[in-house]
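**Student:** structure, please.
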Amino acid sequence: MTYVLAYDIGTTGVKTCLFEVDRTIRMIDAASKGYRLYILENGGAEQDADEWWEAMCSTTREIFSRSEVRPEQVAGISFCSQMQGFVLADGDGVPVHRPMSYMDQRAGEELKKGIAYGPQIAGANIFKLIPSLMITGAVSSSVKDPMWKYKWLEAHEPENFARGRHWLDVKEYLISRCTGNFVMTEDSAYSTMLYDTRDGHRGFSKKLCGMFGINMDLFPPVIGCSDEAGRLTEKAASELGLAAGTPVFGGGGDATLIGIGSGCVKEGDTHIYSGTSGWVSTIVGKQLVDTKYMIAAIVGAIEGKYNYFAEMETAGKCLEWVRDHLALDEIGIYLEKHDVTEGHEEVYTSLYEYLTETVAKVPPGAGGVIFAPWLHGNRCPFEDPGAAGMFFNIKLETGKTEMIRAVLEGVCYHLRWMLECQDRKIKTSDPIRFSGGGALADVTSQMLADITGRTIEVVDSPQNVGSVGAAAVTCVGLGIMKSMEEVAEFIPAQKTFRPDPSVKPVYDKNYEVFKQLHGANAKLFKRMNG
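**Tutor:** Below you'll find the predicted structure:
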């Protein structure tokens, strides 16, 4: 029996998971702790590195305080993490500025100066677009890409920027804090949009770094997701409550490992994720890019394969917004004119369960109300940091329950839109694996099946698939598994949802209107938020 530890580093919290590995990968315990996402008025989105570490330490100690497994029995540690953050650290590994989240979009001017000028295609200067596509298979044309965070810090905080010695992503910072080593996994390196993916050229591109004014000396060595990054130092082990010398593996980003943990490991497999953000990802055998719809085939953990990836910024975050601003008021929750937080613990184990149960009572189509889920801008199939959410077609008879259902439907409409954009260049799969916290509710899974017209499969504990992927990486690194492909044998679908043809007309009608909402309001978004 082998035990491995996986840290799922999300946008709003860490989930630390202890796995038992024999003929299956089985989670035997887990602990979670939240941390803050600091949203700034100028479009910034930051996090506190010490809050990440403190959450890791407290959850690790919590698990082993009640587990029969001893810390010295842990054979390896790995990470599944949010991606495209920017952590510029000094020579000692201390961030010179509070880490910038993937959601940070304050670098609009830096983007314009760097690439959005002159003759353009899809918002990118043609003379920078073409070499970028040739070298990396993608182009850094989103204000949220790490390169522009780098340029913003360089322009606005030159003294802090000058102290920087290591360009890290989120899990790379945590690896350095665990081991004292500075490395970057290949999927994180690729997400900088400065990493040459051509055969025989793998590595950071001198040409692109020169073209964009990037100091290549800041980049650490690149390793594979299943490579050992180092061993736990005495200091880190003491703080975490683990054994010094425990191997730490590279792990991967959430976009890399969630698909693997969902059981999608073969070419053509498609999975949909709905957590804080959301995406559609399909495994392909070559690099592709769709500059019109902002979709690219990104480097993953499976050698020779890529993840054709389309992302929306806020998916499950929209339901959190509903909880805080539609269902919750200063006194309590009054969806049925009584406080469901009092005396209903035996019926409603969580507010989210109550919300989704309530939504199930509303007919498909939400009474004609349509919600646009762009609460923090959007990336695919259109790049617009100024886009915002909206309810469309509210009438006198519209109530809270219709509005809440409209929010879930709006997220599913957007996921369908990205799925159809992928189908322009590749063949997405049917069935599709659905994962993330959004897949916990049967009503959402059925809604996704009905809106997309695809069979939706959900695995056991869909909210933990990133950690399963991180555990798989560790198993490969330890030699317990020969390859990532083996993980699919251990992850069967637990639930299957098939489209209901009777609701197709109403969903198709609303969907066609949904796709026009951004185009009809783009100029107004720019006027209000540009």
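**Student:** residue boundaries of the strands in the stretch 301-450 of the chain?
**Tutor:** Using DSSP state E, counting those that start in this stretch, the strands of the stretch 301-450 of the chain run over 306-312, 370-372, 390-392, 432-435.
**Student:** average pLDDT across the first one?
**Tutor:** Across strand 306-312, pLDDT averages out at 95.
**Student:** run through who's touching that strand.
**Tutor:** Strand 306-312 is contacted from outside by 255-256, 259, 277-288, 293-300, 373-374, 378-381, 411, 414-415, 418-419, 421-422, 425-426, using CB atoms under 8 Å, 6 or more residues apart in numbering. In this view, the C-beta of every residue, glycine as well, is placed from N, C-alpha and C.
**Student:** so which of those residues are in helices?
**Tutor:** Within those, residues falling in helices by DSSP state H are 255-256, 259, 411, 414-415, 418-419, 421-422.
**Student:** so who does residue 109 touch?
**Tutor:** Residues near residue 109 by CB under 8 Å, 6+ apart: residue 155.
**Student:** host element of it?
**Tutor:** Secondary structure assigned from DSSP states H and E places residue 109 in helix 108-114.
**Student:** for this protein, list the residue farthest from the centre, please.
**Tutor:** Most distant residue from the mean C-alpha position of the chain: residue 396, 37.3 Å away (CA atoms, centre = their mean).
**Student:** wait, isn't residue 208 in contact with residue 194?
**Tutor:** Yes. The criterion here is CB atoms under 8 Å, and residue 208 meets it with residue 194 at 5.0 Å.
**Student:** between the two, who's got more neighbours?
**Tutor:** Ranked by neighbour count (other CB atoms under 10 Å), residue 208 and residue 194 place residue 194 first, with 28 against 24.
**Student:** ok, that one - contacts?
**Tutor:** 136, 140, 147, 204-205, 208-209, 212, 214.
**Student:** same question, residue 242
**Tutor:** 5, 60, 64, 71, 74, 77, 232, 236.
**Student:** extract the C-alpha set from stretch 438-447 and format it as PDB.
**Tutor:** C-alpha atoms of stretch 438-447 as PDB (Å, rounded to 0.1, in the frame of the first residue of the first chain):
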ATOM      1  CA  GLY A 438     -20.900  22.200 -10.800                       C
ATOM      2  CA  ALA A 439     -21.200  18.500 -11.500                       C
ATOM      3  CA  LEU A 440     -22.300  17.700  -7.900                       C
ATOM      4  CA  ALA A 441     -25.900  18.700  -8.700                       C
ATOM      5  CA  ASP A 442     -27.900  16.300 -10.900                       C
ATOM      6  CA  VAL A 443     -30.100  19.200 -12.100                       C
ATOM      7  CA  THR A 444     -27.000  21.000 -13.500                       C
ATOM      8  CA  SER A 445     -25.700  17.800 -15.200                       C
ATOM      9  CA  GLN A 446     -29.100  17.200 -16.800                       C
ATOM     10  CA  MET A 447     -29.300  20.900 -17.800                       C
END
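**Student:** for that stretch, what is the average pLDDT?
**Tutor:** Per-residue pLDDT over stretch 438-447 has a mean of 94.
**Student:** distance of residue 249 relative to residue 468?
**Tutor:** Taking CB to CB, to the nearest Å as the measure, residue 249 falls 15 Å from residue 468.
**Student:** could you list the low-pLDDT ranges of the stretch 101-250 of the chain?
**Tutor:** Within the stretch 101-250 of the chain, the stretches with pLDDT under 70 are 122.
**Student:** separation between the spatially closest residue to residue 313 that is not a sequence neighbour and residue 230?
**Tutor:** Distance criterion CB to CB, 6 or more residues apart in numbering; nearest residue to residue 313, sequence neighbours excluded, is residue 376 at 4.8 Å. Per CB to CB, residue 376 is found 35 Å from residue 230.
**Student:** more crowded one of those two?
**Tutor:** Between residue 376 and residue 230, residue 376 has the larger neighbour count (other CB under 10 Å), namely 22 against 19.
**Student:** and that one, what pLDDT?
**Tutor:** pLDDT recorded at residue 376 is 89.
**Student:** hang on, isn't it packed against residue 320?
**Tutor:** No. Using CB under 8 Å, residue 376 makes no contact with residue 320, being 11.8 Å away.
**Student:** could you check how many residues crowd around residue 324?
**Tutor:** Other residues near residue 324 come to 10 when the count uses other CB under 10 Å.
**Student:** can you tell me how far it is from residue 507?
**Tutor:** Taking CB to CB, one finds residue 324 at 27 Å from residue 507.
**Student:** next one: residue 440
**Tutor:** Distance from residue 440 to residue 507, by CB to CB: 22 Å.
**Student:** between the two, which one's more packed in?
**Tutor:** residue 507 (23 against 19).
**Student:** quick check: closest non-adjacent residue to that one.
**Tutor:** Residue 507 sits nearest to residue 451 (CB to CB, 6+ apart), 5.0 Å away.
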